[in-house]
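K.L.:
Okay, sequence plus prediction incoming.
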Amino acid sequence: MDQVPTAVGDSPATLSPPEVAKAVKALTAGEKTALIKLARLYARKTPYDHEDLVQEALMRVLENRRLWPVGLSATIFLGNVIRSIAWEWKHEMRGEEVDVGDEGVAERGTIARIDIAKIIALFDDDPVAQNIVMGMMDGARGEELLEASGLDPTEYESKRKKIRRRIEKLSP
């Protein structure tokens, strides 16, 4: 995924509500399992259960409150929605407010999402590595990532090397 497709103007192209519903219905057993594992990882940081995270993510996506960029895989997109909701719930739990009045925040957020999408797209051929990368982006480390990956320690270290090497190739 070298380029992010764009619609008219500067906003990324997104799936229509019927396309979103079709994509959600088409989730494979493996994709569902990966999302559940990811939700379990993120639910630890919230007062809610992993099923709540998955349910909320699907609800927001199907209600078109979260726009699905064209070309982004279901696992990556829904995983990012789950991560975002967990972060939101974590801050609600602490009673913190997120300042959304900063000028330019929407533009920076769009650029950050595109950069994150590019990094995650590096691992389209390896869903396990994608999940590890998404966990790293959320601040998970060590044992937490190892446990969430479902790999043995040797396989996990191999994945980490693969991730590091691919990301290093992005750097000038």
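P.N.:
Cool, got the structure. Source: prediction; values computed, not measured.
K.L.:
in the protein, which spans are helices?
P.N.:
With DSSP state H, the ranges of helices along the chain come out as 17-25, 29-43, 50-62, 74-94, 105-121, 127-137, 142-149, 153-170.
K.L.:
In CSV, list the ones you listed along with mean neighbour count.
P.N.:
From N, CA and C alone the C-beta is placed, and that goes for glycine too. Below are those laid out as CSV (neighbours: other C-beta atoms under 10 Å):
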stretch, mean neighbour count
helix 17-25, 13
helix 29-43, 18
helix 50-62, 18
helix 74-94, 19
helix 105-121, 14
helix 127-137, 21
helix 142-149, 16
helix 153-170, 13
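K.L.:
For those, which has the smallest mean pLDDT value?
P.N.:
Of all the helices of the chain, helix 105-121 carries the lowest average pLDDT, namely a mean of 58.
K.L.:
picking that back up, any chance of the helices of the chain in CSV, with distance to W68 too?
P.N.:
Below are the helices of the chain laid out as CSV (distance: least, C-beta to C-beta, whole Å):
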stretch, distance to W68
helix 17-25, 5
helix 29-43, 14
helix 50-62, 6
helix 74-94, 5
helix 105-121, 12
helix 127-137, 16
helix 142-149, 23
helix 153-170, 24
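K.L.:
I'd say I82 and E51 touch.
P.N.:
No - assessed by C-beta atoms under 8 Å, I82 is found out of contact with E51, at 11.3 Å.
K.L.:
between the two, what contacts are shared?
P.N.:
Counting by C-beta atoms under 8 Å, 6 or more residues apart in numbering, the shared contacts of I82 and E51 are A39.
K.L.:
distance of the spatially closest residue to P153 that is not a sequence neighbour from K22?
P.N.:
Nearest non-adjacent residue to P153, counting by C-beta to C-beta, 6 or more residues apart in numbering: L146, 6.6 Å away. L146 sits 35 Å away from K22, going by C-beta to C-beta, to the nearest Å.
K.L.:
what's around D152, how many residues?
P.N.:
Per other C-beta atoms under 10 Å, the neighbour tally for D152 reads 10.
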